[in-house]
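1. Need a 3D model of the following:
(2 chains)
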Amino acid sequence: MAADGAGADLDAKIEPRRVRDRAQAEKLVRDGDLDAALVEGRVVVSDKELPDKLDSALQVGQRQVSTGATLRRQGLSESAARQALDPPPLRARTLSGDANSDQKRFIALAAGILLYGQLLTYGLWVATGVVEEKSSRVVEILLSTISPRALMAGKIVGLGLLGMVQLLLIVAVGGGLALATGSLEATAADVGPVLLVLLWFPLGYALYASMYAATAALVSRQEDMQSATTPLTILILVSFFISFSALDPSGGGTLAQVASLVPFSCPLVMPGRMALGDAAPAEVAVAIVLMVATTILLVRVGARIYAGAILRTGKPVKLLEALRASRTS
Amino acid sequence: MLSLEGLTRRYGEVVALEDLGFQVHRGQLHGFVGPNGAGKTTTMRIVIGVVEPDAGTVLWDGAPVGADTRSDFGYMPEERGLYPKMRVANQLTYMAQLHGVAAQPARAAADAWIERLGLSDRADTRLEELSLGNQQRIQLGAALVHEPSLLVLDEPFSGLDPGGVDVLSAVLAERAAQGAAVVFSSHQLELVERVCDAVSIINHGRLVASGGVAELTARHGGQTLEVEVEDAPKGWWRGRHVQGRRGRARAAGRGGGRRRRRRRPRRQDRAQTGT
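-> Numbers count the residues shown, from 1 in each chain, chains lettered A, B, ... in the order given. You can find the predicted model right below:
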């Protein structure tokens, strides 16, 4: 029916029901079995004020019905009348930028949230594990057979793989559901941005996990770990907020641009910019190079700190002490 | 045979070990005793490879120990440590695998040792849910599960009930009989005397004595009585005997000469008697 069609345009579903008479209609409305009742094609009866969407749909439907009746009275055929009432809509064409930019923006936002969640969760997981091994003293036995570097690397890689699998699952299930319900329309071009998100997780995780592991190795209790790792958590949080500015139609300006190159904020800001197509290939290349270089450096330093601090239980170890200790031990 | 030579280790100003060396033979139960802070734990950590010495070497069967040799060692640290949330059977299996045992034999060995330690009904419990005594048994299991040729145990008997002490002594004797070298530290001296074939004594980071229990007891054993006598004539103790509960012995000692002091001159002589 006409209202149905109007309803579909507005993303609402309208279920019409035939009712015996006005009294019955009013009773059903008052009881809540009907949202509204159309009486004699002229009056809409509802219990409280009509919801906007239903109101619009009914009004549009009413307009179509009465206009159609008028056209037919003028002598127009049924099909001609229908064509007159439903002209083809305007097609959109943009000169620059994307006609589908809303969807891209959504993907960028989702990417940011996912990466933020995974980096934070798994970074803290690494830290917790390191401190648990220290506080339970199991690290002494472990280090009698494996080197500190192997222990740290194993933990980071193992949890990283878990994080990657979880990320893939979320993307697959979430993306699949979105496609199935029609919330997202995917073309071949859209697969690219999604894969980019998956690329940035390993890079960002390697960077942050090493820092979390090294920081956690300095302390011996979980409570101390919380305060010791706070700066890292803040770093991730701030980067996450900056990634929002990149979603702005203006592209976030210089802040987002710079942040997408700085290795600490890069894994959270760059994916969004890439999904929106705001990042030039040169920028991406520079970002990746800086990221990889910084990660390698931090992994090395982190491993040294870890090796020097991991066996010292008791008071939290100072950073310089740990570095010095790893040189002699 | 485990051979320590010239081990030295300093922590800043503190000298933890100074030129320490002794041997532990295969098949031997070797006690390692000394007061708190003497350097026992540091020595053991050096053998296990957790701490690097400033100088000296650790040799196993003539060759310097490295990462692969150490996978044949079993270690029980003084501060007990295992994953608190890991189930017992899984934990022992993991420990065996860390030392190079393949997955299936590791599982079998873990089960065997859990049974040997009397904890087969707790095999699926998390470590933190066990009593402390049982946790210690599992700690011992972790050191033994991969059938090491050298056992380095730091205060393994502390905190054990008499039943546990018996189990542990039996297990260690069994391992030694099978050809492993066992060295452990303890403050329970009569236990060490009873159980060990050899003992090494350490104090202030230096070796005081090392050798078979019988040999050391004969050489240095017996009661020592120190007597200080003021204003005694020089050599007053010569020729005298001391009557103790177990018999008579000649006095032996050092005579001090006259020393001038500000207050008043005192002659201090010390006499030692052996019973």
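2. Near chain A, which residues of chain B? Just list them.
-> Residues of chain B found near chain A (CB under 8 Å from any CB of the partner chain) are B:45, B:48-52, B:67, B:70-71, B:73, B:75, B:77, B:79-84, B:95, B:98-99, B:142. C-betas here are computed from N, CA, C, even on glycine.
3. Distance check, whatever residue of the stretch 51-200 of chain A ends up closest to chain B against residue B:142.
-> Residue nearest to chain B within the stretch 51-200 of chain A: residue A:137 (2.8 Å; CB to the nearest CB). If you measure residue A:137 against residue B:142 using CB to CB, to the nearest Å, the figure is 12 Å.
4. Settle it for me: which of the two has more neighbours?
-> Between residue A:137 and residue B:142, residue B:142 has the larger neighbour count (other CB atoms under 10 Å in any protein chain shown), namely 27 against 18.
5. so what's that one closest to, chain neighbours aside?
-> Nearest residue to residue B:142, sequence neighbours excluded (CB to CB, 6 or more residues apart in numbering or on different chains): residue B:95, at 4.5 Å.
6. what helix or strand does that neighbour sit in?
-> Secondary structure from DSSP states H and E places residue B:95 in helix B:88-98.
7. residues of that helix that come out buried?
-> B:88-98 (16 or more other CB atoms under 10 Å in any protein chain shown).
8. who are the neighbours in contact with residue A:306?
-> A:130, A:148-149, A:152, A:213-214, A:217 (CB atoms under 8 Å, 6 or more residues apart in numbering or on different chains).
9. Sorry, slip of the keys, the one I care about is residue A:315.
-> By CB under 8 Å, 6+ apart, residue A:315 has no neighbours at all.
10. Quick check: closest non-adjacent residue to the residue nearest the centre of chain A.
-> For chain A, the residue nearest the mean C-alpha position is residue A:110 (1.7 Å; CA atoms, centre = their mean). Residue nearest to residue A:110 in three dimensions, not counting chain neighbours: residue A:174, with 7.5 Å by CB to CB, 6+ apart.
11. The residue lying closest to residue A:143 once chain neighbours are set aside sits in which helix or strand?
-> Leaving aside its sequence neighbours, residue A:143 sits nearest to residue B:50 (CB to CB, 6+ apart; 5.2 Å). Assigned by DSSP H and E, residue B:50 falls within no helix or strand.
12. shouldn't residue A:163 be in contact with residue A:120?
-> No: using CB atoms under 8 Å, residue A:163 is not in contact with residue A:120, being 10.6 Å away.
13. residue ranges of the helices in the stretch 101-250 of chain A, please?
-> Assigned by DSSP state H, counting those that start in this stretch, the helices in the stretch 101-250 of chain A fall at A:101-135, A:138-142, A:148-181, A:188-217, A:222-228, A:230-247.
14. in the first one, what counts as buried?
-> What that stands for is helix A:101-135. Buried residues in helix A:101-135, counted by 16+ other CB under 10 Å: A:103-105, A:107-112, A:114-120, A:122-135.
15. tell me the pLDDT at residue A:327?
-> On pLDDT, residue A:327 comes in at 61.
16. Extract the residue ranges of the chain that are flagged as low pLDDT.
-> Looking at chain A here, since you left the chain open. A:1-13, A:92-101, A:183-191, A:193, A:250-252, A:326-329 (pLDDT under 70).
17. other chain: chain B
-> If you take pLDDT under 70 as the line, chain B has these spans: B:220-232, B:234, B:236-275.
18. in it, what residue is nearest chain A?
-> For chain B, the residue positioned closest to chain A under CB to the nearest CB is residue B:81, at a distance of 2.8 Å.
19. That residue: what's it in contact with?
-> Applying CB under 8 Å, 6+ apart to residue B:81 gives the contacts A:136-141, B:139.
20. what's the distance between it and residue A:169?
-> Applying CB to CB to residue B:81 and residue A:169 gives a distance of 35 Å.
21. Can you say which helix or strand has the residue of chain A most remote from its centre in it?
-> Residue farthest from the centre of chain A, counting by CA atoms, centre = their mean, is residue A:75 at 55.6 Å. Residue A:75 belongs to no helix or strand when elements are defined using DSSP H and E.
22. Ok, residue B:3 next?
-> Residue B:3 belongs to strand B:2-11 when elements are defined using DSSP H and E.
23. Could you spell out the sheet neighbours of that strand, each with its direction?
-> If you go by DSSP bridges, strand B:2-11 pairs up with strand B:14-24 (antiparallel), strand B:55-60 (antiparallel).
24. Redo the ones you listed as JSON lines? Include mean neighbour count and distance to residue B:4.
-> Shown next, in JSON lines, are these (neighbours: other CB atoms under 10 Å in any protein chain shown; distance: least, CB to CB, whole Å):
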{"stretch": "strand B:14-24", "mean neighbour count": "19", "distance to residue B:4": "5"}
{"stretch": "strand B:55-60", "mean neighbour count": "16", "distance to residue B:4": "6"}
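25. any chance of these in CSV, plus distance to residue A:278?
-> Formatted as CSV, those follow (distance: least, CB to CB, whole Å):
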stretch, distance to residue A:278
strand B:14-24, 60
strand B:55-60, 60
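26. quick one: which of those strands is nearest residue B:170?
-> Nearest of the strands paired with strand B:2-11 to residue B:170, taken as CB to CB: strand B:14-24 at 19.8 Å.
27. Give me the neighbour count for residue A:259.
-> Neighbour count of residue A:259, defined by other CB under 10 Å: 23.
28. Kindly report the same for residue A:161.
-> So residue A:161, with other CB under 10 Å, has 11 neighbours.
29. for residue A:39, same thing?
-> Each residue near residue A:39 was counted by other CB under 10 Å, and the total is 14.
30. Any idea what it is bridged to?
-> residue A:43.
31. Please tell me how far it sits from residue A:31.
-> Separation of residue A:39 from residue A:31 (CB to CB): 17 Å.
32. Kindly report the same for residue B:192.
-> For residue B:192, the distance to residue A:31 (CB to CB) stands at 90 Å.
33. can you give me the helices for chain B?
-> Using DSSP state H, the helices of chain B run over residues B:40-48, B:67-70, B:88-98, B:103-116, B:132-144, B:162-177, B:189-195, B:213-220.
34. Phi, psi for the residue nearest to residue A:143 please.
-> Main-chain dihedrals, residue B:50, degrees, to the nearest 10: phi -80, psi -20.
35. Please apply the same query to the one 4 residues further on.
-> Here the main-chain torsion angles of residue B:54 (degrees, to the nearest 10) amount to phi -70, psi -30.
36. Could you report the neighbour count for it?
-> Around residue B:54 there are 14 other residues, counting by other CB under 10 Å.
37. again, but for residue A:50
-> Neighbour count for residue A:50, taken as other CB under 10 Å: 16.
38. Find the nearest non-adjacent residue to it, please.
-> residue A:36 (6.0 Å).
39. residue contacts, that neighbour?
-> So residue A:36 contacts A:29, A:44-46, A:50, A:54, A:58 (CB under 8 Å, 6+ apart).
40. Out of the residues you listed, which sit inside helices?
-> Among the contacts of residue A:36, the residues falling in helices (DSSP H) are A:29, A:54, A:58.
41. how about TSV for the residues you listed, with distance to residue A:301 and neighbour count added?
-> Formatted as TSV, the ones in helices among the contacts of residue A:36 follow (distance: CB to CB, whole Å; neighbours: other CB atoms under 10 Å in any protein chain shown):
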residue	distance to residue A:301	neighbour count
A:29	71	18
A:54	63	18
A:58	68	20
